[in-house]
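K.L.:
my questions concern the predicted model and sequence given below.
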Amino acid sequence: MYRVLTESGELLAEISGKMRHLAQRREDYPAVGDWVVLSVRPGEQRAMIHAVLPRKSKFSRKVAGQVTEEQIVATNVDTVFLVSALNQDFNVRRIERYLVMAWESGANPVIILSKADLCAEPERLASEVADVAIGVPIHIISSAENRGLAALAGYMTQGHTVALLGSSGVGKSTLVNRIYGKEILATGDIREGDDKGKHTTTHRELIMLPDGGILIDTPGMRELQLWGAEDGLSTSFQDVEALADMCFYQDCRHGSEPKCAVKAALADGSLDQDRYQSYVKLQKELAYLARKEDKGLQAAEKAKWKKIHQTLKNQPHR
């Protein structure tokens, strides 16, 4: 069942039998932010979904666990707020990972550094983020002190959709409440000792703002495995790839090869060792995922034709 927002109000909807029959993968089903083709039964407050309209953007991750399958977090998003708290849980490498996925989605990333009231040096940490988030706007905020929130209003204009992404406990739900102007989402405290958050948003939620914009709040993601993000990796690590293009050998692996621009940058400190290792790790993760996905697509195609042959076999002869 899905909740859909229509000119007749909010309705409960289900997938048509034909759409379910034609669907091969999870991405063929509606996700939060999708526009869909409906037949409405307003008297029953129900609807039937017949198709998903083309998506202009799509933020995806690999589903948690061992299954190689796509999970769509949100679609048709214009701006992605990547929310990271300036407390003990602050992690630049995690922000890099979120940036890769955001660039791949087709939406514009904006980094929100929250809970500035819990940090003694927010500007220093923001500078660390700026070193890895090339050209991405960065906002330091504190929902508790209403600090920096006014600067976010420009992203949430009429007809514009913003999705909030981040780990548990970074303050996404509290930020939504501040933006909306009243408490519409439940919020929770962080754990003592490690500043890890507790899940308060347990499902994705599409919120219509009074001024006509749309907010999509998402559950905190402790695990963000990449999904098909080669272009996003190149955009996020354009500094590393620019160095790789300067290597003497086109197929340089930045190991024992001579005249390697990447090794030279690592040696003189112009390329941070941790950032380069993060790039290599994400590269390997995407290569492994591509191999697994290829096997998964072959299995899905085989299952599809098996279902078609079974349907034909069960039809009466004429």
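P.N.:
Thanks, I have it.
K.L.:
so what pLDDT did Lys198 get?
P.N.:
Predicted confidence (pLDDT) for Lys198: 45.
K.L.:
would you mind measuring from the nearest residue to Gly181 once chain neighbours are set aside to Arg147?
P.N.:
Of all residues not flanking Gly181 in the chain, Pro210 sits nearest, at 7.0 Å (CB to CB, 6 or more residues apart in numbering). Placement of C-beta: from N, CA and C, glycine included. Distance, Pro210 to Arg147, by CB to CB, to the nearest Å: 22 Å.
K.L.:
surely the residue nearest to Gly181 meets Lys182?
P.N.:
No. Assessed by CB atoms under 8 Å, Pro210 is found out of contact with Lys182, at 9.9 Å.
K.L.:
hmm, back to that, for the residue nearest to Gly181, give its distance to Ala150.
P.N.:
To Ala150, Pro210 is 16 Å away according to CB to CB.
K.L.:
what ranges of the stretch 1-150 of the chain fall below the confidence cut-off?
P.N.:
Across the stretch 1-150 of the chain, residues meeting the criterion (pLDDT under 70) sit at 62-69.
K.L.:
which residues of it fall in strands?
P.N.:
For the stretch 1-150 of the chain, applying DSSP state E, counting those that start in this stretch gives strands covering 2-6, 9-15, 36-41, 46-52, 58-62, 70-75, 79-85, 108-114, 138-140.
K.L.:
out of the ones you listed, flag the one nearest Leu165.
P.N.:
strand 79-85 (5.7 Å; CB to CB).
K.L.:
and that closest one, what does it pack against?
P.N.:
Counting contacts by 3 or more CB pairs under 8 Å, 6 or more residues apart in numbering; DSSP states H and E, strand 79-85 is packed against helix 92-105, strand 108-114, strand 161-165, helix 172-180.
K.L.:
give me that answer again for 7 Å
P.N.:
Counting contacts by 3 or more CB pairs under 7 Å, 6 or more residues apart in numbering; DSSP states H and E, strand 79-85 packs against helix 92-105, strand 108-114, strand 161-165.
K.L.:
tell me how the chain divides into domains.
P.N.:
2-52, 58-217 (automatic domain parsing).
K.L.:
can I assume Ser60 is in contact with Thr75?
P.N.:
No. Look at Ser60 against Thr75 with CB atoms under 7 Å: they stay out of range, at 9.1 Å.
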